[in-house]
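Visitor: Below are the sequence and a predicted model for it; my questions follow.
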Amino acid sequence: MDMLDPVTLSRLQFAATALYHFLFVPLTLGLCWLLVVFETTYVMTGKEVWKTASKFWGKLFAINFAMGVATGITMEFQFGTNWAYYSHYVGDIFGAPLAIEGLMAFFLESAMVGLVLFGWNKMSKLQHLSATFFMALGTNLSAVWILIANGWMQNPVAAEFNPESVRMEMTSFAQLVFNPVAQAKFVHTVSAGYVTGSLFVLGIASYFIIKGKHLDVMRRSFAVAAAFGLAGSLSAVVLGDESGYNLNEHQQMKMAVIESMWETEKAPAGFNLIAIPNQAAQKNDFELKIPAVLGLIGTRSFDKQMPGIKQIVADSEVKFQNGIKAYAAFETLQTDKTNATALETMKLYSKDLGYGLLLKANGVEPASATPEQIKAVSLKLVPNVAPLFWSFRAMVGLGFWFIILFASAFIMAAKRKYSPNWVHKAALYSIPLPWLAAELGWFVAEYGRQPWAVEGVLPTGLASSAISSPLVLTSLAGFVLFYSTLLVVDLKLLFKYARLGPPALGPHETVKN
């Protein structure tokens, strides 16, 4: 891979902006519902301590939300600047949920944020709680529509190629919305957000408990975050299993790669706990396998086989042959739109047109592709195994650590035992870990889809704009500098206002233990 190639640089730029943006998203997704819990308790009990908690955590939410908006807007512009052909080819489908997200969700959450921050003395308790609730709802609706768009890239349902317009066109909006991959990604992603928000609160509350400050607010915050985080961490693991099942159904190559499974095994397949992948030799130099586990996760059965990497590559030859036929029919229709033979061929093989385009993207003319060239290009269907294998295991390992931590904190809160101990220190030092897990998850999802911008439909190499490497390199450097500055500002503001803590309460609100 040429690092100065415009496509590679565009991928790096989008990856950088997406990963920066996703530093802010999980906290927004999770913290907003914790604000709803704090404020609901305030409305129900009338105790000022819950109002103080709502205001304190709401201030930190607002800082993070503002940074998330600033970084998110830039991402969408890149579809026009760096990925123009992608926008042309699949924009009718991909753009629909993004447009709805802007109209339905972004405006809702943005409007409600203002009411939540500045409406405490201008609205009744119930009115303000309603604004907080709709802010949280809008935030999560944003995630729904964005993940519907992303889920379509992973599993392009409800679409067909139109040779006349040279675009993919939507065939069913309902099928797009209820794409099983999109639904699994949504519930898994928001669960990760709930873990992030909960550990953020748990960690900061632990800091003040260790310091012996603001105990009235922080012990309550600790208890709420422990319960919410335990539910979120359990959900993330359970719903991650659903994502694994969907991978085997719709993205078998990605599933095989993250498991470093080169050969097709007898069902049920074993799970590689540890492996040293050797991409060149297409084998593992070392592996420690747990029998049957992968097959049960990926197929939910004892007798259904999961294909290995080598088999998936071999099976792709049929798709390449179909793609060559579809591409030839497409070229014929460009000069003879009513050619009956070409129309029938396109109807039969258009679903594999992407494989013909993949040959084109790799400098092979489909009409004259040799078996050797097809085999060489088919190997490009395999992403780099080692980074995906270890990223996935790091993410899963962190997920189980969160369950242990939140369960321990929940038991402490249930017993009302808040004396500083290892749980508080672990929570404080674990604050960055949910972000690490989320970034690893996105890396697995997006890098694991390569070489496709849209799985099986549009190769990444054909999706980019016709722009020069120096131009992309300059903008990439600018984005990294600008986003790094925003990240430093965000962290400084969060540290500053978190350390200030909430205002002191009256004696009648102080916890007596």
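Guide: Right, received. Where do you want to start? Numbering: from 1, shown residues only.

Visitor: tell me the strands in this structure, going along the chain?
Guide: 159-162, 167-170, 271-278, 283-290, 452-454, 458-459 (DSSP state E).

Visitor: now the ones you listed in CSV, with distance to A223 and mean neighbour count?
Guide: C-beta coordinates here come from the backbone N, C-alpha and C atoms, glycine included. Below are the strands of the chain laid out as CSV (distance: least, Cβ to Cβ, whole Å; neighbours: other Cβ atoms under 10 Å):
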stretch, distance to A223, mean neighbour count
strand 159-162, 47, 16
strand 167-170, 47, 18
strand 271-278, 35, 17
strand 283-290, 36, 14
strand 452-454, 45, 23
strand 458-459, 49, 24
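
Visitor: Out of those, flag the one nearest F118.
Guide: With Cβ to Cβ, the closest approach to F118 among the strands of the chain belongs to strand 167-170: 40.5 Å.

Visitor: Could you find the closest non-adjacent residue to the most centrally placed residue in the chain?
Guide: Centroid-nearest residue in the chain, with Cα atoms, centre = their mean: W442, separated by 4.5 Å. Closest residue to W442 apart from its sequence neighbours, by Cβ to Cβ, 6 or more residues apart in numbering: F22 at 5.8 Å.

Visitor: For the one you found, give me its contacts.
Guide: Contacts of F22 were listed using Cβ atoms under 8 Å, 6 or more residues apart in numbering, and they are 438-439, 442.

Visitor: Against which helices or strands is the longest helix anywhere in the chain packed?
Guide: Taking DSSP state H as the criterion, the chain has its longest helix at helix 215-250. On a contact count with 3 or more Cβ pairs under 8 Å, 6 or more residues apart in numbering; DSSP states H and E, helix 215-250 meets helix 25-45, helix 48-81, helix 180-211, helix 252-258, helix 293-299, helix 385-414.

Visitor: Any buried residues in it, and which?
Guide: 215-237, 239-240, 242-248, 250 (16 or more other Cβ atoms under 10 Å).

Visitor: Name the surrounding residues that touch the helix or strand bottoming out on mean pLDDT in the chain.
Guide: Sorting the helices and strands of the chain by mean pLDDT, DSSP states H and E puts helix 293-299 at the bottom, at a mean of 83. Helix 293-299 is contacted by residues 241, 244-245, 247-248, 255, 259, 261, 265, 267-272, 301-302, 304-306 when judged by Cβ under 8 Å, 6+ apart.

Visitor: How far does that helix sit from its chain's centre?
Guide: Per Cα atoms, centre = their mean, to the nearest Å, the displacement of helix 293-299 from the mean C-alpha position of its chain is 22 Å.

Visitor: same check, this time on stretch 453-471
Guide: Here the centre of stretch 453-471 is set off from its chain's centre by 21 Å, with Cα atoms, centre = their mean.

Visitor: I would like the residues contacting it, please.
Guide: Applying Cβ under 8 Å, 6+ apart, the set of residues contacting stretch 453-471 from outside is 4-7, 9-11, 81-86, 89-90, 152-156, 159, 168, 250-251, 319, 351-355, 357-358, 360-362, 449-452.

Visitor: again with stretch 238-248
Guide: 155, 180-181, 184-185, 187-188, 191, 254-255, 258, 297-300, 306, 396, 399.

Visitor: Same check on stretch 351-368?
Guide: By Cβ under 8 Å, 6+ apart, stretch 351-368 touches 161, 316, 319-320, 322-328, 330-331, 369, 373-374, 376-377, 380, 451-452, 454, 456-462.

Visitor: Whichever of the residues you listed end up buried, select them in PyMOL.
Guide: Remark: buried members of the contacts of stretch 351-368, expressed as a PyMOL selection using 16+ other Cβ under 10 Å:
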select buried, resi 161+316+319+320+322+323+324+325+326+327+328+330+369+373+374+377+452+454+456+457+458+459+460+461+462
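
Visitor: Looking at the contacts of stretch 351-368, which are in helices?
Guide: Using DSSP H, the subset of these located in helices is 316, 319-320, 322-328, 330-331, 373-374, 376-377, 460-462.

Visitor: hmm, back to that, is it possible to mark the buried ones in the contacts of stretch 453-471?
Guide: Burial of the contacts of stretch 453-471 was assessed by neighbour count (16+ other Cβ under 10 Å); the buried members are 6-7, 9-11, 81-84, 86, 89-90, 152-156, 159, 168, 250-251, 319, 351-355, 357-358, 360-361, 449-450, 452.

Visitor: Can you list the low-confidence ranges for the stretch 201-350 of the chain?
Guide: 241 (pLDDT under 70).

Visitor: next one: the chain
Guide: Flagging of the chain using pLDDT under 70 yields the residue ranges 1-3, 241, 504-513.

Visitor: and with 50 instead?
Guide: By pLDDT under 50, the low-scoring segments of the chain are 508-509, 511-513.

Visitor: re earlier: would you list the buried entries among the contacts of stretch 238-248?
Guide: When these are checked for burial by 16+ other Cβ under 10 Å, the buried set is 155, 181, 184-185, 187-188, 191, 254-255, 258, 297-299, 306, 399.
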